[in-house]
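**Student:** predicted model and sequence follow; I will ask about them next.
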Amino acid sequence: MQKIIEGIDKLQEILEAINSRKMFMVIDSSYPFLNIKERIEQTSVTKVCFSDFSPNPLFEDVCKGIDLFSAQNCDAILAVGGGSSIDVAKCIKLAVLAAEGSDALIPPLVSKQVEIEGKRIPFIAIPTTAGTGSESTHNAVMYYQGSKQTVTNDGVLPDYALLEPKVLATLPLYQKKCTMLDALCQGIESWWSVNSTDESKGYAKTAVELITKNWRKYIFDNDSRAASQIMLAANYAGRAINISATTAAHAMSYKITSMYKLPHGHAVAVCLPEIWEYMTAHPEHCIDPRGKEYLTDIFNQISKGLGTTGPKESIAFVRNMMNEMNMENPVAVNREQELDILAGSVNPVRLKNNPISINEQTAWYLYNRIVL
Ligand SMILES: NC(=O)c1ccc[n+]([C@@H]2O[C@H](COP(=O)([O-])OP(=O)(O)OC[C@H]3O[C@@H](n4cnc5c(N)ncnc54)[C@H](O)[C@@H]3O)[C@@H](O)[C@H]2O)c1
């Protein structure tokens, strides 16, 4: 069971509880500028730092981390960074513990929960963006030979998620927007996911409500209380998707990211309103076994969570939010060719969580609206 703890002051206590001798720290290039760096460095444990990877990390990056971890004989992992750093740390942990080593991260093993039971490397994650919720999920994303791979294993869920919102003070404005939109889309998608449970819907509701109440102050006023609420929201959204997984907006965003170089949260957020509009117009394609009426009720609950009166107004709410933040849709260069590539790129397995069925033809229709 993961422990979620607030405040960087608690780090020393956590380190004492796990009794680490040599800590492997996974950090990104923002680490030297973080306002929590000094507190981390004051802690009394030997640290080995690894930062030789880029956002949207590659398998090859992860392998360098695996080699360093083993060569230095570390016994615990501390990830400090956004989703990319936390995901690199998860992949390193899995590869170090799995009998299959780094093969556990690539096809065909990547789609299996390889055995790492009974072995332990204590793992602490300190998120420095408020968006992915990766500190509270059992997934990690990395690229192998140009394709996005999602590693899923219960053993990579961090033992401790340490939330310190003051770290968001240095996050560039555009990154704040992208990451907050990722959390909002996770919350909405988790709420309507075919795999939702009462527990995941509770987390999703909290995430969506916290973002609705605090997003303006967080983005436009740099308000520290709003920042702490958004960090909490992102963590709730992570906990929600850890149960329900994400749906079509995430599935359709991945090629938008690689084709138009839009960061993850931005890419998901341009997909969401179009998909939502299509879903509300086509209840007859409902594939959630709980039925059409159930889904209509969920759409209404989401609208309440967003403080709106119905799905139409909720979609407008998200579009207005994007406009206010100047988050633009991607623009095609070779339209027909790009739409064909986009529509053919969507992994049908990832669409199974979506409550309204979406096939390649529908995906083409949707991309035609998403891409300007
Ligand atoms: N594992 C999961 O459950 C999960 C969920 C959603 C997304 N993801 C993955 O997470 C990655 C995206 O993560 P992200 O959006 O957090 O961004 P990121 O980790 O890629 O970081 C983006 C940039 O922000 C900088 N940065 C981070 N924190 C900062 C701070 N406080 N101050 C200044 N600069 C800072 C980083 O140095 C980097 O340049 C993607 O690869 C995505 O697929 C994973």
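**Tutor:** Everything's here; your move.
**Student:** what are the phi and psi values for residue 151?
**Tutor:** Note on residue 151: its backbone torsions stand at phi -90, psi 130 [degrees, to the nearest 10].
**Student:** need the residues of the stretch 101-250 of the chain near the ligand, please.
**Tutor:** Within the stretch 101-250 of the chain, the positions near the ligand by C-beta under 6 Å from any ligand atom are 128-129, 131-132, 134, 137, 139-141, 167-168, 170-171, 175, 179, 182. C-betas here are computed from N, CA, C, even on glycine.
**Student:** do that again at 5 Å, thanks
**Tutor:** 128, 129, 132, 134, 137, 139, 141, 167, 170, 171, 175, 179 (C-beta under 5 Å from any ligand atom).
**Student:** so which two of the residues you listed are the farthest from each other?
**Tutor:** Maximum pairwise distance in these, criterion C-beta to C-beta, is 26.1 Å, between 139 and 170.
**Student:** who has more neighbours, these two?
**Tutor:** The residue with more neighbours, out of residue 139 and residue 170, is residue 139; 21 against 13, by other C-beta atoms under 10 Å.
**Student:** could you verify that residue 222 is part of a strand?
**Tutor:** No - Residue 222: not assigned to a strand; according to DSSP: H, G, I helix; E, B strand; the rest coil it is coil.
**Student:** list the contacts for whichever residue of the stretch 251-372 of the chain sits closest to the ligand?
**Tutor:** Per C-beta to the nearest ligand atom, residue 264 is where the stretch 251-372 of the chain lies closest to the ligand, at 4.4 Å. Contact partners of residue 264, counting by C-beta atoms under 8 Å, 6 or more residues apart in numbering, are 56, 83, 132, 178, 182, 253, 257.
**Student:** report pLDDT for it.
**Tutor:** With respect to pLDDT, residue 264 scores 93.
**Student:** ok, now the one 3 residues further on?
**Tutor:** Residue 267 is assigned 97 on the pLDDT scale.
**Student:** what helices and strands are in contact with the lowest-mean-pLDDT helix or strand in the chain?
**Tutor:** Least confident helix or strand, the chain: helix 348-351 with a mean of 86, by mean pLDDT, DSSP states H and E. When contacts are defined as 3 or more C-beta pairs under 8 Å, 6 or more residues apart in numbering; DSSP states H and E, helix 348-351 sits against helix 248-260.
**Student:** show me what the helix it packs on is packed up against.
**Tutor:** If you count contacts as 3+ C-beta pairs under 8 Å, 6+ apart, helix 248-260 packs onto helix 173-192, helix 264-281, helix 335-345, helix 348-351, helix 360-370.
**Student:** residue of the stretch 151-300 of the chain nearest the ligand, please.
**Tutor:** Taking C-beta to the nearest ligand atom, the stretch 151-300 of the chain has residue 170 as its residue nearest the ligand, at 3.6 Å.
**Student:** distance check, the closest residue to that residue other than its chain neighbours against the ligand.
**Tutor:** The shortest distance from residue 170 to any non-neighbouring residue, by C-beta to C-beta, 6 or more residues apart in numbering, is to residue 33 (5.5 Å). Remark: distance between residue 33 and the ligand (C-beta to the nearest ligand atom, to the nearest Å) = 6 Å.
**Student:** can you check the pLDDT for residue 33?
**Tutor:** 97.
**Student:** run a quick neighbour tally on it.
**Tutor:** Around residue 33 there are 8 other residues, counting by other C-beta under 10 Å.
**Student:** how far away is it from residue 167?
**Tutor:** Going from residue 33 to residue 167 by C-beta to C-beta, to the nearest Å gives 10 Å.
**Student:** try residue 262
**Tutor:** From residue 262 to residue 167 the distance is 24 Å (C-beta to C-beta).
**Student:** of those two, which one has the most company?
**Tutor:** Just comparing residue 262 and residue 167: by other C-beta under 10 Å the higher neighbour count belongs to residue 167, 23 against 20.
**Student:** now do the strands in this structure.
**Tutor:** 3-6, 22-27, 46-50, 76-81, 123-127, 139-144, 147-152, 160-163 (DSSP state E).
**Student:** closest to residue 335 out of those?
**Tutor:** Relative to residue 335, the nearest member of the strands of the chain by C-beta to C-beta is strand 147-152, separated by 23.9 Å.
**Student:** paired strands for that closest one, with orientation please.
**Tutor:** Strand 147-152 pairs in its sheet with strand 139-144 (antiparallel), by DSSP bridges.
**Student:** show me which residues of the strand it pairs with are buried.
**Tutor:** For strand 139-144, the neighbour count (16 or more other C-beta atoms under 10 Å) marks 139, 140, 141, 142, 143 as buried.
**Student:** bridged to the third one, which residues?
**Tutor:** Beta bridges link residue 141 to residue 150, judged by DSSP bridges.
**Student:** quick check, pLDDT for it.
**Tutor:** Looking at residue 141, its pLDDT reads 92.
**Student:** ok, it touching residue 156?
**Tutor:** No - at 11.5 Å, residue 141 and residue 156 do not qualify as touching, with contact defined as C-beta atoms under 8 Å.
**Student:** what about residue 252, how many residues nearby?
**Tutor:** When neighbours are counted by other C-beta under 10 Å, residue 252 registers 29.
**Student:** give me the spatial nearest neighbour of it, chain neighbours excluded.
**Tutor:** Closest to residue 252 by C-beta to C-beta, 6+ apart is residue 271, at 4.6 Å.
**Student:** isn't the one you found right up against residue 256?
**Tutor:** Yes - counting by C-beta under 8 Å, residue 271 does reach residue 256; the two are 6.8 Å apart.
**Student:** mind listing what's buried in stretch 295-310?
**Tutor:** 295, 298, 299, 301, 302, 303, 305, 306, 308.
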